[in-house]
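Student: Fold the following for me, if possible:
(chains A and B)
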Amino acid sequence: MIAGPIPPQRDELMTEPSLTSLYQQLILEHYRNPRNKSELEDHTVEAHVSNPVCGDEIRVQVRLQCDTIEDIRFDGQGCSISQASVSMMTAIVKGSNRDEAIQLAHRFTEMMRGSEEAAGDRSLGDLRALQGVSKFPVRIKCALLGFDALREALGEDSEAGPSGSRSTAGGRTLHERKAAH
Amino acid sequence: MLDTSPELDWAAVRDVFPILSEEVGGKPLVYLDSAATSQKPQVVIDALTYYYEHTNANVHRGIHELSRRSTVAYEDARGRLARFIGASGPEELVWTRGTTEAINLVAGSWALDNLREGDEILISTMEHHSNIIPWQLVARRTGAKVKYIEVDDEGRLVLDDLPALLTSRTRLVAISHVSNALGTVNPVREIVEQAKAAGALVLVDGAQAVPHRRVDVQELGCDFYAFSGHKMCGPTGVGGLWARKELLESMPPYHGGGEMIRIVGREESTWAEVPHKFEAGTPNIAGAVGIAAAADFIDELGFDAIAEHGRDVMSYAMERLSDIDHIRIFGPTDLAERSGVVSFVMGDAHPHDISTILDSEGIAIRAGHHCAQLVMQHFGVSATARASFYLYNSRDDVDRLAEGLELVQGIFGTA
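Tutor: The predicted model follows:
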């Protein structure tokens, strides 16, 4: 006897994820009035990532001074989730050090994977408004795209895994990392 | 049996597609993504099941009864599809995995064998990537050049440029019959006439045309016609390349292996007759059987009725959607020049956000660049939302779509 269908996970038994939990006002506000969206001419590192599935693109430029993120700017285009997420992220990591930024990326990824504990972490600030995205599996990579760019710029490997955006097409990586200066 | 009188009951037609009874998130499915792939009627699903339960064996190899049956089923299906597209005989139809492989076959066989440095391949900016990338690869290998027919603001080819674009070096014009991103129906015969006068061959990407309209390859006058089964109610992984027998005979093999040879020697081998020369390896036999069942299904409804129903649903969709605030619809406004597709953007709601919100209402559309990034660039967008319709869709589906888009308005406001 071949095993029957795998029983649904707890998440799938829960009620339908609601659109209101996904499209919170704070997300639309960041989408329409993004923070730190401009060119950073004196950046020390930058990364450009894209999601080939939807064409979303994000470039993150960082001015690092002795491991401190003195300034960070982004440019990009895409859906409300990807653009709000990167806007919120830049507002939080500006002024932090490299390890704190990587830790933030780690916590945010945990929240996207459904961790309630991570979602309660106040260090995530506005990013907690994106918790609802974790109930929409096909949109999680949108929320992680900006963090992918941040990690790339800081020279840290992505932990995005299967749901992340570090996709490759035809064996060619779509991420370009460029260290300036 | 379906009623094939002029008063076709389209609700009954919809009922023979089992998947359309699915619920998504507790809501009845509204499937508006047929330009990506169509759904399958029960007769096609049954044909596949019957094949595996009663017929399955490898083709052209065995002496035993099942091998005979499967070979007959496979070759009968070829004849069925050859008639479906107006070929003069089954030997003019090469089975492929679909449109993409059919185009790659022409690129890898005919084009690499015939093109030289400085030769030109003329395509258009509205092509699907499958009718762009193979030619860029050929250009890289041969030194030939890819040139483009541009698209106007209504999403039509700028054919006024054609006389200047066609030169003595133009060897091939490769053009879509119907655009997957915009639904534009291109005047293929007109393009063929001019291309022929310039001495070029013409390849037509028929992936979006064959499901919706009677295609007669001889009447079109083209040299190659590529199509897919899965967009015309058939299974995935099967499609075809049509070309005249003499042209196929002049082309070198594409893949090497079993099935495509006559005699194999240590140094040299000889090839099977066309079309088998291009069908190395065990083919998609069940797929061929399935696409033949799909052709029977479509012919039973009749292309006249399908086209009339399609026009009715499309005109209603254009009317309902045009009324929505902040919507921008791409493609020709004249429905005679448009087939089955409404591509749009809406305010600052990104197409992916539109698609997520519609999905929560059980409505499946496509959001993205539709493998047509050049045409997206022309219109200055990175993505659009695309609702695509087929014979099982109705005005009710359009109403559900319009209501879903009102929900998008509610969430994104009118900014």
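
Student: Where does the prediction get shaky in chain A?
Tutor: Across chain A, the ranges flagged by pLDDT under 70 are A:1-17, A:158-181.

Student: Can you pull the residues of chain A lying near chain B?
Tutor: A:16-17, A:19, A:22-23, A:28, A:31-32, A:53-57, A:77-81, A:136, A:138-139, A:142 (Cβ under 8 Å from any Cβ of the partner chain). The way it works is simple: take the backbone N, C-alpha and C, and place the C-beta from them, glycine included.

Student: Which among the residues you listed count as buried?
Tutor: Buried by 16 or more other Cβ atoms under 10 Å in any protein chain shown: A:17, A:19, A:22-23, A:28, A:31, A:53-57, A:78-81, A:136, A:139, A:142, out of the residues of chain A next to chain B.

Student: And the strands in chain A?
Tutor: Assigned strands in chain A, in chain order: A:45-51, A:56-65, A:68-77, A:168-169, A:172-173, A:176-179 (criterion: DSSP state E).

Student: Quick one: closest of these to B:Gly302.
Tutor: Proximity of these to B:Gly302 was assessed by Cβ to Cβ; the nearest stretch is strand A:168-169, lying at 40.9 Å.

Student: ok so, going back, list the ones among the residues of chain A next to chain B that fall in helices.
Tutor: If you go by DSSP state H, these have A:19, A:22, A:28, A:31-32, A:80-81, A:142 in helices.

Student: List the residues that contact the residue in chain A that chain B sits nearest to.
Tutor: As assessed by Cβ to the nearest Cβ, chain B sits closest to A:Cys79 within chain A, at 3.8 Å. A:Cys79 makes contacts with A:54, A:56, A:139, A:142, B:350-353, as judged by Cβ atoms under 8 Å, 6 or more residues apart in numbering or on different chains.

Student: tell me which parts of chain B are close to chain A?
Tutor: Counting by Cβ under 8 Å from any Cβ, chain B comes close to chain A at B:25-26, B:348-353, B:356-357, B:360, B:367-369, B:373, B:376, B:382-383, B:407, B:411-413, B:415.

Student: Next one: B:Gly229 from B:Trp95, what distance?
Tutor: 10 Å (Cβ to Cβ, to the nearest Å).

Student: Residues that sit against both of the two, list them.
Tutor: Residues touching both B:Gly229 and B:Trp95 (Cβ under 8 Å, 6+ apart): B:238-239, B:287.

Student: export these to JSON lines and tack on secondary structure and neighbour count?
Tutor: Compiled in JSON lines, the shared contacts of B:Gly229 and B:Trp95 are given as follows (DSSP: H, G, I helix; E, B strand; the rest coil; neighbours: other Cβ atoms under 10 Å in any protein chain shown):
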{"residue": "B:Val238", "secondary structure": "coil", "neighbour count": "27"}
{"residue": "B:Gly239", "secondary structure": "strand", "neighbour count": "29"}
{"residue": "B:Gly287", "secondary structure": "helix", "neighbour count": "24"}
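
Student: Any figure for the gap between the residue nearest the centre of chain B and chain A?
Tutor: Nearest residue to the geometric centre of chain B (Cα atoms, centre = their mean): B:Ala207, 1.1 Å. In this view, B:Ala207 and chain A are 20 Å apart by Cβ to the nearest Cβ, to the nearest Å.

Student: For that residue, what are phi and psi?
Tutor: With angles defined as degrees, to the nearest 10, B:Ala207 sits at phi -50, psi -40.

Student: Can you report phi and psi for the nearest residue to it once chain neighbours are set aside?
Tutor: Distances taken as Cβ to Cβ, 6 or more residues apart in numbering or on different chains place B:Thr99 nearest to B:Ala207, at 4.1 Å, with adjacent residues excluded. Note on B:Thr99: backbone dihedrals following degrees, to the nearest 10 are phi -60, psi -40.

Student: contacting residues around B:Thr99?
Tutor: By Cβ under 8 Å, 6+ apart, the residues touching B:Thr99 are B:130, B:205-207, B:226-228, B:239.

Student: cool, and B:Pro252?
Tutor: By Cβ under 8 Å, 6+ apart, B:Pro252 lies in contact with B:109, B:113.

Student: Let's verify it: helix, strand, or coil?
Tutor: The local conformation at B:Pro252, judged by DSSP: H, G, I helix; E, B strand; the rest coil, is coil.

Student: what secondary structure does the nearest residue to B:Cys233 once chain neighbours are set aside sit in?
Tutor: Spatial nearest neighbour of B:Cys233, chain neighbours left out: B:Ala294 (4.1 Å); criterion: Cβ to Cβ, 6+ apart. State at B:Ala294, reduced to three classes by three-state DSSP: helix.

Student: quick one: B:Ala294 from A:Ile81, how far?
Tutor: When distance is defined by Cβ to Cβ, B:Ala294 is 38 Å away from A:Ile81.

Student: If you count neighbours, what's buried in the helix or strand harbouring B:Ile291?
Tutor: Counting by DSSP states H and E, the element that carries B:Ile291 is helix B:285-301. Under the neighbour-count criterion of 16+ other Cβ under 10 Å, helix B:285-301 has B:285-295, B:297-298, B:301 buried.

Student: next one: stretch B:335-354
Tutor: Neighbour counts over stretch B:335-354 (16+ other Cβ under 10 Å) mark B:337-347, B:349-354 as buried.

Student: count of residues packed around B:Glu273?
Tutor: 12 (other Cβ atoms under 10 Å in any protein chain shown).

Student: which residue sits closest to it, ignoring its sequence neighbours?
Tutor: For B:Glu273, ignoring the flanking residues on the chain, the nearest one in space by Cβ to Cβ, 6+ apart is B:Glu91 at 7.3 Å.

Student: cool, B:Val192 as well?
Tutor: Once flanking residues are discounted, B:Val192 sits nearest to B:Gly221: 4.4 Å by Cβ to Cβ, 6+ apart.
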